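Trainee: what follows is a predicted structure for the sequence shown.
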Amino acid sequence: MWVVPESEIAGLMTPEAAFDAVEAVFASMARGEAYNFPVVREAIGHEDALYGFKGGFDRAALNLGLKAGGYWPNNQKHGLINHQSTVFLFDADTGKVAAAVGGNLLTALRTAASSAISIKHLAPAGAEVLGMIGAGHQAQFQLRSAAASGRFTRVLGWNPHPEMLARLGETAAELGLPFEAVELDRLGAEADVIISITSAFSPLLLDVHVKGPTHIAAMGTDTKGKQELDPALVARARLFTDELAQSLSIGEFQHASAQNLISDSDVTAIGRVITGDHEGRGEAEITIFDGTGVGLQDLAVAAAVVELARQQGKAQKVDI
Ligand code: NAD
């Protein structure tokens, strides 16, 4: 099997390569060539950790495997970040383990790719103001990936903990984008595209804040109970997601669905827009992409990085 250590990922994987890998697998999902396995997520009763598996099989790319890992809130004492994960790939022809790949940076890159893909396919024409809600670890990646489209001329930011915004401002400056910390009503009125990436458990962006045309990539809600958007805002938007089942159970649309404000048929897999099977934004004033994070994204970026590592002699071969 090939081993690609976490320390090599930054030198191998680019946001562009992650974008291509994730866009391709979203399309495979829409064509019925790739599917995700049920997610396992357990509070293990040790170190307050949440541990689990996200896996799947992409028949088109022959990517089979899983990401194992989770969230260890006390990792600072070990000098480690709280999110820890590893991707394992298996030979789809034989079942033999094919690769073990550090999954921490890859998770950030595949999540950032997901919102960037939604922006490519769903942003209103002429969109140039980006609004960022959230300023934690993941927000920097979302901002970088969105900026790579080259369409944004300035960034507005809001965060429940305003002191964290300075770091996001530094990232924007690095990208050559003017940055302004604003209140949510201004962000909702002026931003053409909004990315939300917080661990909120109650709505931050309200229906009254948003003046269209706007595209919103809701990326923070990946667990039952988390919530970033007002269900009334969800109810008046055209809705897209990476995977319908996850969106309605653990994603942002769980709330509007539970309140019967939307039905399953109101939500479209973004892969259908990528393949040209759905018109996407159309005449909609507001579009929302619910990025819940699927195992197939992890497999796609891991397979891409194994290929790059092998080409560049950075993959280690281990017999197992
Ligand atoms: P982080 O801990 O670095 O940052 C947390 C962010 O949420 C900050 O902006 C913080 O101000 C805000 N926040 C913290 N507690 C809050 C609360 N109680 N109410 C409102 N806001 C609060 O986390 P991160 O790595 O940046 O991840 C942000 C979110 O994105 C998390 O919910 C994480 O689970 C989720 N996530 C989703 C995916 C996906 O594929 N959709 C992938 C990775 C992370």
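Mentor: Looks like it arrived, so ask away.
Trainee: ranges for the strands of the stretch 51-200 of the chain?
Mentor: 63-71, 83-90, 97-102, 129-133, 154-158, 179-181, 193-196 (DSSP state E, counting those that start in this stretch).
Trainee: can you tell me how far the closest residue to the ligand within the stretch 201-320 of the chain is from Leu50?
Mentor: Nearest residue of the stretch 201-320 of the chain to the ligand, counting by CB to the nearest ligand atom: Gly293, 2.3 Å away. To be clear about C-beta, it is placed using only N, CA and C from the backbone, and glycine gets the same treatment. For Gly293, the distance to Leu50 equals 14 Å [CB to CB, to the nearest Å].
Trainee: with Ala34 instead?
Mentor: From Ala34 to Leu50 the distance is 26 Å (CB to CB).
Trainee: what of Gly32?
Mentor: 31 Å.
Trainee: more neighbours: the two, which one.
Mentor: Leu50 (15 against 10; other CB atoms under 10 Å).
Trainee: and the spatially most central residue of the chain, what does it touch?
Mentor: Centroid-nearest residue in the chain, with CA atoms, centre = their mean: Thr111, separated by 2.7 Å. Residues counted as contacts of Thr111 (CB atoms under 8 Å, 6 or more residues apart in numbering) are Gln138, Phe141, Gln142, Met219, Gly291, Gly293, Gln297.
Trainee: wait, doesn't Ile194 sit right on His215?
Mentor: Yes. Counting by CB atoms under 8 Å, Ile194 does reach His215; the two are 7.4 Å apart.
Trainee: hang on, the earlier thing: quick check: the residue nearest to the centre of the chain vs Ala284, distance?
Mentor: Thr111 is 24 Å from Ala284, by CB to CB.
Trainee: low-confidence regions, this protein specifically.
Mentor: Of all residues in the chain, none has pLDDT under 70.
Trainee: how's it carved up into domains?
Mentor: According to automatic domain parsing, the chain comprises the domains 2-107+296-317, 124-293.
Trainee: got the contact list for stretch 254-274?
Mentor: Stretch 254-274 is contacted from outside by 23, 26-31, 117-118, 121-122, 221, 224, 227, 231-232, 234-235, 238-244, 247-248, 253, 278-280, 289-290, using CB under 8 Å, 6+ apart.
Trainee: stretch 221-230 too?
Mentor: 41, 133, 196, 198-207, 216, 218, 220, 249-252, 254-255, 288, 290, 292-293.
Trainee: can you select the buried ones from those residues in PyMOL?
Mentor: To isolate the buried members of these in PyMOL, using 16 or more other CB atoms under 10 Å:
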select buried, resi 133+196+198+200+203+204+205+207+216+218+220+250+251+252+254+255+288+290+292+293
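Trainee: give me the buried positions along stretch 210-227.
Mentor: In stretch 210-227, counting by 16+ other CB under 10 Å, buried: 210, 212-223, 226-227.
Trainee: longest helix in this protein, by residue count?
Mentor: Determined from DSSP state H, the single longest helix within the chain is helix 104-122.
Trainee: could you check the angle it makes with strand 83-90?
Mentor: Interaxial angle, helix 104-122 versus strand 83-90 (axes from the mean of the first three to the mean of the last three CA atoms, to 10 degrees): 80 degrees.
Trainee: buried set for helix 104-122?
Mentor: 104-119, 121-122.
Trainee: from the residues you listed, which are also near the ligand?
Mentor: Among the buried residues of helix 104-122, proximity to the ligand is found for Thr107, Thr111 (CB under 6 Å from any ligand atom).
Trainee: buried stuff in stretch 87-94?
Mentor: For stretch 87-94, burial by neighbour count (16+ other CB under 10 Å) applies to Val87, Phe88, Leu89, Phe90.
Trainee: from those, which is closest to the ligand?
Mentor: Among the buried residues of stretch 87-94, and counting by CB to the nearest ligand atom, the member closest to the ligand is Val87, at 14.0 Å.
Trainee: which one is that closest one nearest to, not counting chain neighbours?
Mentor: Nearest residue to Val87, sequence neighbours excluded (CB to CB, 6 or more residues apart in numbering): Ala302, at 3.9 Å.
Trainee: which SS class is the one you found?
Mentor: helix (DSSP: H, G, I helix; E, B strand; the rest coil).
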